[in-house]
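Mind folding the following:
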Amino acid sequence: MGSSLELSALYPSTISGDRLVEWRIVSANSLVSEDCFGQISLNVPPSQSLEVEFDSYSWSLESGLDVVFTTMLSSGESRVIHLELGTSSASGDDVQISAEIPKCRQVSVH
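Down below sits the predicted model:
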């Protein structure tokens, strides 16, 4: 009787462009049909870069940390950027501000 099995494989690519992935199923005892093979065409988009420019920042006991910065994500897939600002000390990291920001914009956090 027949049975099914789902397999997966990671295909990391550091080179952008069209890639042709060939696949086949091979059996040691010839119980698998010889026509179990094929090709899949993948388009690997170029890597994106993220730039952050700190426009201004200040800190005071009265108002705490005030930061204004601009983020710029290069062309490609639109995605949300998760940003965390905080401090590091001998006792560990302390996140004071955590925000998700869109692809490209100026942000002010307090």
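
Lowest-scoring secondary structure element of this protein by mean pLDDT?
Ranking every helix and strand in the chain by mean pLDDT, DSSP states H and E puts strand 104-109 at the bottom, with a mean of 60.

For the protein, which segments count as strands?
17-24, 37-44, 50-60, 64-73, 81-89, 92-101, 104-109 (DSSP state E).

Of the ones you listed, which shows the lowest average pLDDT?
Across the strands of the chain, strand 104-109 has the smallest mean pLDDT, namely a mean of 60.

closest one to Leu5 among the strands of the chain?
strand 17-24 (13.7 Å; Cβ to Cβ). Heads up, the C-betas are built off the backbone N, CA and C, glycines and all.

And the contacts of stretch 15-32?
The contact list for stretch 15-32 (Cβ atoms under 8 Å, 6 or more residues apart in numbering) reads 11, 13, 36-47.

likewise stretch 49-56?
Contacts of stretch 49-56 (Cβ under 8 Å, 6+ apart): Asp66, Val67, Val68, Phe69, Thr70, Thr71, Met72, Leu73, Ser74, Ile81, Gln106.

What are the buried residues along that stretch?
Within stretch 49-56, no residue qualifies as buried by neighbour count (16 or more other Cβ atoms under 10 Å).

list the contacts for Gly38?
So Gly38 contacts Glu22, Trp23, Arg24 (Cβ under 8 Å, 6+ apart).

how close does the last one sit to Glu34?
So that's Arg24. According to Cβ to Cβ, to the nearest Å, Arg24 stands 9 Å off from Glu34.
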